[in-house]
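Asker: structural data only, the sequence is not supplied:
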């Protein structure tokens, strides 16, 4: 099977022989001038009511998850938590847009997307609790480890999607990044590779306005981040990132397009990080309260509640069930994180290589001896 | 490659290291459909050193992929391919051109097995033509092995003979751990007779290339022929030098190195990379710690100078040669 495209374009009238002509028409690749919205528009009436209710449920549970994790950092139970509070629409819609066979390549702020994908909420938090780099099985959950070095997971998504396409498997990879990540070289290389390889991959940029403290105006001079897609030869889409139905619709289209052999898409979702970068950050140093307040009025749960109410879909049962599920999750997190986990120091030497080297065996023996000596002292 | 008449019942042949590496890639791709070769110019051209010559013709442009020119993108894409079950063999065109890929190598390739509790090992081979001595202009001659050897999770392999080029590359591709496979580019074109049917040896075994009782030269990759030449020249000085070829820096075959050093008592570590913080520093320190009571002299190092790689017309002053090695041997406290 030949899957690599070596497309040749006919000469464009008016261009000299041998001169570089546009190889593809850029116009269809351009993002819409305004972000795509569904909630509060006529499109909401055509949306699947079951999907809207499911998104609502996930948003409510997701918000509680973010709040509880943030509280756990204040109690010293999590080493750090980069909350996606305010960005829950992107998180849950990304997970819901993927099928079981698809792969998610998250970055460090995307724990909620990992959970929404079906990974156990506690296993998803081991990195941030500090007891294990990756608490879940990436292969079983088709979810890559949370990536901390910015945008470095993007080429992994491309490679996996490329390999799946070579195998003839209908698998799509979706990777999540932030606005700051779009400045990294790996972001650009990943987009270029994806377009050249025609890989079934979707890039979701959650533009929350700030890379820690640096605002987007100092990050990029592009018309929108979605416009960056055009230079690589893939469509760019712009969506209201707090409108869960819109994010789901745009990502769903991109995923389906990739699955059908249509190649990659870059999606920019406009959203806002309501909390600080992490619990170690002080957001009041670089942004105004009025700005935060304005975004709180455009909160993803508020938008969804309002739309469901208008559509007559927000019944008491749904609200109660979502709240109950959220509280049950929070209670489980508090209970599980109440005590420190049991850790085996000797696990330091596991999985460095398939077979430990002689030097690692000696170092493991050294640590074992140190532990034995410590135990002796404690007795 | 030309097949020589059978010698002692084996099918020996005469070829260059470049041809042996090409044969290893071809045989690995024939044996295992998950082996994919990728890099800059590896397809139609066959690589700037022709190591991938003919692979696209035999296996198609997907199995031997000409990638866009971006080393981090190449290796990052290979990571994802390996996650899906492929066994990528990545070519970095030159030593110094591999540096953009170091973040992918250090932060992901080296760590993925560990950070996923063994769930996602990455069987990736990163081939890097390395080292000087070919008259390359700036950024084409770095001996970069210390960067890789310092990074836990990577194997660092470097052949010095035609037979090892074939055998160690096959072993590297078969390894379930990532391997940085450093090809001494100044040895690419030396022809020797070898036996391609010899069993492939596992990674991590040093081999004594020459026995001797006065002192042992411990080396690897491009410096092996220099050390063998030095050992030959040393006979005129009355020294009988052994030469140990490490073949891999990670794993470091400490058992063999210690055995040789303990039996001889004098050792010089030779490599062309800069000495400060280099592989020789680690090896000399280890051998001193483990063999101290067997040593008649400190373990010495003969290395390139601690300078940026010089212009090609001056590189012969930088690269360790026979004289610098023999000067070191002379300093091994023979008066005691």
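Answerer: Cool, got the structure. Nothing here was measured: the structure is a model prediction, and the numbers come from that model.
Asker: ok, residue B:314 to residue B:146 distance?
Answerer: Distance of residue B:314 to residue B:146, given as CB to CB, to the nearest Å: 22 Å. For the C-beta atoms, the positions are set from N, CA and C on the backbone; glycine is no exception.
Asker: between these two, which is the more surrounded one?
Answerer: Neighbours were counted for residue B:314 and for residue B:146 using other CB atoms under 10 Å in any protein chain shown; residue B:146 has more, 21 against 10.
Asker: leaving out chain neighbours, which residue sits closest to the more buried one?
Answerer: Nearest residue to residue B:146, sequence neighbours excluded (CB to CB, 6 or more residues apart in numbering or on different chains): residue B:278, at 5.0 Å.
Asker: check whichever residue of the stretch 101-250 of chain B sits closest to chain A and give its pLDDT.
Answerer: Closest residue of the stretch 101-250 of chain B to chain A, CB to the nearest CB: residue B:115 (3.7 Å). Here the pLDDT value assigned to residue B:115 is 96.
Asker: nearest spatial neighbour of the closest residue to chain A within the stretch 201-336 of chain B, skipping sequence neighbours?
Answerer: Closest contact between the stretch 201-336 of chain B and chain A, by CB to the nearest CB, is at residue B:251 (4.4 Å). Spatial nearest neighbour of residue B:251, chain neighbours left out: residue B:204 (3.7 Å); criterion: CB to CB, 6+ apart.
Asker: from residue B:177, how far off is the one you found?
Answerer: Note on residue B:204: its distance to residue B:177, by CB to CB, is 11 Å.
Asker: need the overlap of contacts for the two.
Answerer: Counting by CB atoms under 8 Å, 6 or more residues apart in numbering or on different chains, the shared contacts of residue B:204 and residue B:177 are residue B:155.
Asker: neighbours of residue A:320, just the number please.
Answerer: Neighbours of residue A:320 under the rule other CB under 10 Å: 10.
Asker: look up how far residue A:326 lies from it.
Answerer: Taken as CB to CB, the span from residue A:320 to residue A:326 is 11 Å.
Asker: what does the stretch 151-300 of chain A put close to chain B?
Answerer: Within reach of chain B by CB under 8 Å from any CB of the partner chain, the stretch 151-300 of chain A has these residues: A:152, A:154-164, A:166-167, A:173, A:185-186, A:189-190, A:192-193, A:196-197.
Asker: the residue nearest to residue B:146 against residue B:272, yeah?
Answerer: No: with contact defined as CB atoms under 8 Å, residue B:278 does not reach residue B:272; the gap is 9.6 Å.
Asker: between these two, who's got more neighbours?
Answerer: Legend: neighbour count by other CB under 10 Å for residue B:278 and residue B:272, higher for residue B:272 (29 against 22).
Asker: OK, contacts around the more buried one?
Answerer: When contacts are counted by CB under 8 Å, 6+ apart, residue B:272 touches B:131, B:132, B:133, B:143, B:222, B:223, B:303, B:304, B:318, B:319, B:320.
Asker: burial of the fifth one, as a residue count?
Answerer: Burial of residue B:222 is recorded as 26 neighbouring residues (other CB under 10 Å).
Asker: look up the pLDDT of residue 102 for me, please.
Answerer: No chain was given, so I picked chain A. Each residue has a pLDDT score; the one for residue A:102 is 98.
Asker: looking at chain B here, not the other one
Answerer: Looking at residue B:102, its pLDDT stands at 98.
Asker: so it touches residue B:150, yeah?
Answerer: No: counting by CB under 8 Å, residue B:102 stays clear of residue B:150, with 11.4 Å between them.
Asker: right, and the helix or strand after the lengthiest helix in chain B?
Answerer: Counting residues, the longest helix in chain B under DSSP state H turns out to be helix B:17-31. Using DSSP states H and E, the next helix or strand after helix B:17-31 towards the C-terminus is strand B:35-39.
Asker: so which residues of the chain form helices?
Answerer: Just so you know, I chose chain A. Using DSSP H, helices in chain A cover A:43-46, A:49-74, A:88-97, A:111-116, A:126-129, A:138-141, A:154-167, A:185-197, A:228-232, A:244-259, A:289-296, A:300-310, A:316-336, A:358-378.
Asker: um, chain B though
Answerer: Per DSSP H, chain B carries helices over the ranges B:17-31, B:55-63, B:71-83, B:102-103, B:112-115, B:145-149, B:162-174, B:224-234, B:254-264, B:279-291, B:315-318, B:322-330.
Asker: relative to residue A:142, which of the ones you listed is closest?
Answerer: Closest approach to residue A:142 among those (CB to CB): helix B:71-83, 9.9 Å.
Asker: now for that closest one, which elements pack on it?
Answerer: When contacts are defined as 3 or more CB pairs under 8 Å, 6 or more residues apart in numbering or on different chains; DSSP states H and E, helix B:71-83 sits against helix A:154-167, helix A:185-197, strand B:35-39, strand B:87-91.
Asker: can I get those in TSV including distance to residue B:241, mean pLDDT and mean neighbour count?
Answerer: Formatted as TSV, the helices and strands packed on helix B:71-83 follow (distance: least, CB to CB, whole Å; pLDDT from 0 to 100; neighbours: other CB atoms under 10 Å in any protein chain shown):
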stretch	distance to residue B:241	mean pLDDT	mean neighbour count
helix A:154-167	47	98	28
helix A:185-197	47	98	24
strand B:35-39	39	98	25
strand B:87-91	35	98	27
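Asker: got JSON lines for the ones you listed, with distance to residue A:278 too?
Answerer: Putting the helices and strands packed on helix B:71-83 into JSON lines (distance: least, CB to CB, whole Å) gives the following:
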{"stretch": "helix A:154-167", "distance to residue A:278": "22"}
{"stretch": "helix A:185-197", "distance to residue A:278": "21"}
{"stretch": "strand B:35-39", "distance to residue A:278": "37"}
{"stretch": "strand B:87-91", "distance to residue A:278": "34"}
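Asker: residue B:55 is nearest to which of those?
Answerer: Proximity to residue B:55 (CB to CB) singles out strand B:35-39 among the helices and strands packed on helix B:71-83, at 5.7 Å.
Asker: what packs against the closest one?
Answerer: If contacts are counted by 3+ CB pairs under 8 Å, 6+ apart, strand B:35-39 sits against helix B:17-31, helix B:55-63, strand B:64-66, helix B:71-83, strand B:87-91.
Asker: out of the ones you listed, flag the one nearest residue A:213.
Answerer: Smallest distance to residue A:213 across the helices and strands packed on strand B:35-39 (CB to CB): 26.1 Å, for helix B:71-83.
Asker: angle of the closest one against helix A:154-167?
Answerer: Put simply, helix B:71-83 runs at 50 degrees to helix A:154-167, going by axes from the mean of the first three to the mean of the last three CA atoms, to 10 degrees.
Asker: where does pLDDT dip in chain B?
Answerer: In the predicted model of chain B, residues B:1-10, B:336 satisfy pLDDT under 70.
Asker: again, only this time at 90
Answerer: Scanning chain B for pLDDT under 90 picks out B:1-12, B:196-201, B:335-336.
Asker: for it, what's the longest strand?
Answerer: Looking across chain B with DSSP state E, the single longest strand is strand B:267-274.
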